[in-house]
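In: with the input below, show me the fold.
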Amino acid sequence: MWGLVFLRIFFILVCGIAGAALKSVPQFYGILGGLAIGIVVVLIEAMARKVSLKGLTSAVFGICLGLLLAKLFGEALKVFHMDKIIVDNTQYIVSVIFIYLGLTLGLKGESEFNVVIPYVKFKRQELREEAIVVDTSSIIDGRILDIVKTGFLEARFLVARFVLNELQALADSTDHMKRQKGKRGIEMLHLLKKEPNIEVVIFDDEVTAVKTVDEKIIHLGKERDAKVLTTDYNLNRIAQLQGVQVLNINDLANALKPIFVAGERFSLRLVKEGKEHNQSIGYLDDGTMVVVENAKWLIGKTANVEVNSVLQSPSGRIVFAKLVN
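Out: Predicted coordinates for the structure are as follows:
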């Protein structure tokens, strides 16, 4: 991040120096013109937000491509029989611009370079390119580790310092439940750092524009153009309203639950009384709640039930059923 900022500033200064070296214009105007051109080029380059980092190999390719284009442009100018000083100055400036554009293109990369060079495809960079900001709830939840172990998720997990501070505060709490959650979250981070499919990055960026942890998570997601991983329903909704893409573990779990249709039958152990009269409640292995009509007298026993309907709510799926026979 800071390397790219430094490169942009350095390029603008080089453009100013290149403008000062022009022979056909006063030095002062040459410097101003060079700086102006540099700023415009940097602004154009900064708009290319979808280009991702590809590493040193891509950067070298970008530089070579820039030099080649600059050379071709210089040769094209000679066809017009222009004044030699103008041709030299133009070729000098264009060379600097093309080298810079090629270098930044290489640094930020393209997903595939084999479009430019047929039959050549660079090997995927070892460091994961997709960035995901991880919030406290998803770390404490623990299912993130199981998802990573399956290999379905490969990314760079960004864990902010204030998230670590929140876990530390929970681990040091006098409340037993909070203390257990904090310790579980810290242990999860240690286990995640050992997984080969992901990279866990702890960063110290301080977010002063907002106060709450949820607002800071959303701000980082927008600032770094990253997704947010959470199990918090409210954070999920607020982030989506602000245009931040969210990976909600609860949504994933609900999507993987078996789908029931009316008339389907299965056995279920009834464990407690329902809210309505004579209802009883049981739970499937995945945690799905099943509400059974006229089955209060069977609490504590296993009964055969038949599905009436299924209700999908933001908090999960509820199955309504009746007793068979």
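In: return the set of buried residues in stretch 136-147.
Out: Applying a neighbour-count criterion of 16 or more other CB atoms under 10 Å, the buried positions in stretch 136-147 are 136-141, 144-145, 147. For the C-beta atoms, the positions are set from N, CA and C on the backbone; glycine is no exception.
In: which of these sits closest to Glu75?
Out: Ile147 (54.8 Å; CB to CB).
In: picking that back up, so which of the buried residues of stretch 136-147 belong to helices?
Out: Members of the buried residues of stretch 136-147 lying in helices (criterion: DSSP state H): 136-141, 144-145, 147.
In: thinking again about what came up before, okay if I get the buried residues of stretch 136-147 as TSV plus distance to Leu65 and pLDDT?
Out: Formatted as TSV, the buried residues of stretch 136-147 follow (distance: CB to CB, whole Å; pLDDT from 0 to 100):
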residue	distance to Leu65	pLDDT
Thr136	44	90
Ser137	45	90
Ser138	41	90
Ile139	42	91
Ile140	47	91
Asp141	46	88
Ile144	40	88
Leu145	42	89
Ile147	39	87
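In: most widely separated two among the ones in helices among the buried residues of stretch 136-147?
Out: The span of these, defined through CB to CB, is set by Thr136 and Ile147 at 17.0 Å.
In: so where is the stretch 151-300 of the chain shaky, pLDDT-wise?
Out: Applying pLDDT under 70 to the stretch 151-300 of the chain flags the ranges 205.
In: just the helices in it please.
Out: Using DSSP state H, counting those that start in this stretch, the helices assigned to the stretch 151-300 of the chain run over residues 161-171, 176-193, 213-223, 233-241, 249-256.
In: mind listing what's buried in the longest strand along the chain?
Out: Secondary structure of the chain per DSSP state E: the longest strand is strand 302-313. Going by neighbour count (16+ other CB under 10 Å), the buried part of strand 302-313 is 303, 305, 307, 310.
In: mind listing what the last one touches?
Out: Think Val310. 259-261, 317-320 (CB atoms under 8 Å, 6 or more residues apart in numbering).
In: highest neighbour count among those residues?
Out: Greatest neighbour count in the contacts of Val310, by other CB atoms under 10 Å, goes to Val319: 23 neighbours.
In: who's the closest spatial neighbour of that one, skipping the chain neighbours?
Out: Closest residue to Val319 in three dimensions, ignoring its sequence neighbours and counting by CB to CB, 6 or more residues apart in numbering: Val290, at 4.5 Å.
In: need the winner for burial among the helices of the stretch 151-300 of the chain.
Out: Among the helices of the stretch 151-300 of the chain, ranked by average contacts under mean count of other CB atoms under 10 Å, first place goes to helix 213-223 (a mean of 20).
In: report the contact partners of Ser313.
Out: Contacts of Ser313 (CB under 8 Å, 6+ apart): none.
In: that one bridge partners, please.
Out: Gly316 (DSSP bridges).
In: and the gap between it and Lys301?
Out: Separation of Ser313 from Lys301 (CB to CB, to the nearest Å): 27 Å.
In: before we move on, what about Glu130?
Out: Counting by CB to CB, the gap from Glu130 to Lys301 is 49 Å.
In: and if you look at Leu153?
Out: The value you get for Leu153 to Lys301, if CB to CB is used, is 41 Å.
In: which helices and strands does the longest helix anywhere in the chain pack with?
Out: Ranked by number of residues, the top helix in the chain under DSSP H is helix 84-108. Where contact means 3 or more CB pairs under 8 Å, 6 or more residues apart in numbering; DSSP states H and E, helix 84-108 is packed against helix 2-20, helix 27-46, helix 56-78.
In: so which of those gets nearest Phe266?
Out: helix 56-78 (54.3 Å).
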